[in-house]
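**Q** only geometry, no sequence info:
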């Protein structure tokens, strides 16, 4: 087991413990959880929504959902960070649809302060990421266009149509790249 | 389940987790996920794997005013004060015990978390469906499910406060079985204080997407102070 895997397991346990305490209505646990994961979730939300007020509203909604649904999370249902990241991204995608924001290739609004990538600081290390080796190997099999389309969809919340407009490729081609990319990942991850 | 349908579910789950499944198809898939363990399992598989795409995401510190706003929306500041009061009382009670005045405590009623409003939701047939208790002094709503009617797949029952002269305010999705306890927001508390009735509507899984009842209002029950 490498150090990254160990720190990921330890981080997961810490998050699971805090979610259990949230389920028991311990508000200090929510505050601690907020301190640990809000910078990551806020980065994901901001990248999708790109509007300050909207991203802040979404982050509030996300932590209210986490507080109210903490009792539904169990470790058997997967990794806590994946659970929280999904709540955050899906909320942002819902708001994106509501606000009908125009797609953009801008990666990150500049008005927010980035946290320095200090590997020892809480929440800023990659301990929350899934086990890297298998994923790296499988993502490496994708073509450049496929990887770019997946990144635009996942990180920017872009739809098929948005991506086609952004990269100037036909919609059918974009759909096909994405479909084949996911198929390739599935085969690789399950092999 | 045939291999073809497994493959279809997996493909939809991957597009759902990626975010490219949009619009009504996304809503339908969410309802399917909530009612089908295999669909949920495939979604979790993809949610975990695709998180790798966020590898270059640099954490961004949210502005300082966001956490207090969350505390306000969840009423956590009041809760912490209430918890401190409960803890102080517990300490005082221990001292009393140590100095041998247990008898005095025996006579005192506990600093009760008490119901400030209650409602019983019954079907037209008289069947007992849910019991509601508003615990006003700790800002919580407790709901216990009794004999629930069969609900259409992919739907939830949602509870509403009906404040006088204002639009209904959601009190959340009702539990299908057992009991649920949730914190009331300031808005929900204010709405309950101005309501003499609560209502239940049928909504898409997870509750109304608009914040107002979208399905049929099935039950209305009086909200009253417990006797």
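**A** Everything's here; your move. Every value quoted in this text rests on a predicted model; they were computed, and no experiment measured them.

**Q** tell me the domain ranges of chain A?
**A** A:1-130, A:131-191 (automatic domain parsing).

**Q** now render those domains as TSV, adding distance to residue B:50 and mean pLDDT.
**A** To be clear about C-beta, it is placed using only N, CA and C from the backbone, and glycine gets the same treatment. Listed next are these as TSV, based on distance: least, CB to CB, whole Å; pLDDT from 0 to 100:
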stretch	distance to residue B:50	mean pLDDT
domain A:1-130	9	79
domain A:131-191	6	91
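
**Q** among those domains, which comes closest to residue B:163?
**A** When the domains of chain A are compared by CB to CB, domain A:1-130 sits nearest residue B:163, at 20.9 Å.

**Q** how far is the closest one from where the chain is centred?
**A** Distance, stretch centre to chain centre, for domain A:1-130: 7 Å (CA atoms, centre = their mean, to the nearest Å).

**Q** show me what contacts residue B:226?
**A** B:115, B:116, B:117, B:118 (CB atoms under 8 Å, 6 or more residues apart in numbering or on different chains).

**Q** chain neighbours aside, what residue packs nearest to residue B:208?
**A** Excluding its sequence neighbours, the residue lying closest to residue B:208 (CB to CB, 6 or more residues apart in numbering or on different chains) is residue B:214, at 5.1 Å.

**Q** so the one you found makes contact with residue B:204?
**A** Yes: contact criterion CB atoms under 8 Å: residue B:214 and residue B:204 qualify, at 7.5 Å.

**Q** the more surrounded of these two?
**A** Shown here are residue B:214 and residue B:204; by other CB atoms under 10 Å in any protein chain shown, residue B:204 has more neighbours (18 against 14).

**Q** hey, what's that one bridged with?
**A** residue B:155 (DSSP bridges).

**Q** phi, psi for the residue lying closest to residue B:76 once chain neighbours are set aside please.
**A** In space, and not counting its chain neighbours, residue B:76 is closest to residue A:27: 4.3 Å by CB to CB, 6+ apart. Here is the backbone geometry of residue A:27 (degrees, to the nearest 10): phi -70, psi -20.

**Q** and for residue B:224?
**A** Dihedral angles (degrees, to the nearest 10) for residue B:224: phi -140, psi 160.

**Q** isn't residue B:130 up against residue B:141?
**A** No: Residue B:130 lies out of contact with residue B:141 (CB under 8 Å); the separation is 11.3 Å.

**Q** and the residue of chain B found nearest chain A, how many residues sit next to it?
**A** For chain B and chain A, the shortest gap (CB to the nearest CB) falls at residue B:59, measuring 3.5 Å. Residue B:59 sits with 23 neighbouring residues when counted by other CB under 10 Å.

**Q** from residue A:46, how far out is it?
**A** 11 Å (CB to CB, to the nearest Å).

**Q** picking up where we left off before, turn the domains of chain A into JSON lines, including distance to residue B:152 and mean neighbour count.
**A** Converted to JSON lines, the domains of chain A look like this (distance: least, CB to CB, whole Å; neighbours: other CB atoms under 10 Å in any protein chain shown):
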{"stretch": "domain A:1-130", "distance to residue B:152": "22", "mean neighbour count": "18"}
{"stretch": "domain A:131-191", "distance to residue B:152": "30", "mean neighbour count": "17"}
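
**Q** dump these to JSON lines, plus distance to residue B:68.
**A** Below are the domains of chain A laid out as JSON lines (distance: least, CB to CB, whole Å):
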{"stretch": "domain A:1-130", "distance to residue B:68": "10"}
{"stretch": "domain A:131-191", "distance to residue B:68": "27"}
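
**Q** out of those, which gets nearest to residue B:14?
**A** Of those, nearest to residue B:14 by CB to CB is domain A:131-191, at 4.3 Å.

**Q** does the closest one come close to chain B?
**A** Yes: against chain B, domain A:131-191 shows contacts by CB under 8 Å from any CB of the partner chain at A:132, A:135-136, A:139, A:150-151, A:153-155, A:157-160, A:178-179, A:182-183, A:185-186, A:189.

**Q** now do the contacts for the residue nearest to residue B:208.
**A** Neighbours of residue B:214 in contact, by CB under 8 Å, 6+ apart: B:201, B:203, B:204, B:208.

**Q** touching, residue B:73 and residue B:188? I think so.
**A** No: contact criterion CB under 8 Å: residue B:73 and residue B:188 do not qualify, at 10.2 Å.

**Q** neighbour-wise, which of those two wins?
**A** residue B:188 (20 against 17).

**Q** my read is that the more buried one contacts residue B:161, right?
**A** Yes: with contact defined as CB under 8 Å, residue B:188 reaches residue B:161; the gap is 6.6 Å.

**Q** overlap in contacts, these two.
**A** With CB under 8 Å, 6+ apart as the test, residue B:188 and residue B:161 both reach B:169, B:171.

**Q** which residues sit in contact with the residue nearest the centre of chain A?
**A** Closest residue to the average C-alpha location of chain A: residue A:85 at 4.4 Å, with CA atoms, centre = their mean. Residue A:85 makes contact with A:40, A:41, A:44, B:47, B:51, B:54 under the criterion CB under 8 Å, 6+ apart.

**Q** including distance to residue A:145 and secondary structure, could the residues you listed go into a markdown table?
**A** Conversion of the contacts of residue A:85 to a markdown table gives the following (distance: CB to CB, whole Å; DSSP: H, G, I helix; E, B strand; the rest coil):
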| residue | distance to residue A:145 | secondary structure |
| --- | --- | --- |
| A:40 | 27 | helix |
| A:41 | 29 | helix |
| A:44 | 23 | helix |
| B:47 | 24 | helix |
| B:51 | 22 | helix |
| B:54 | 20 | helix |
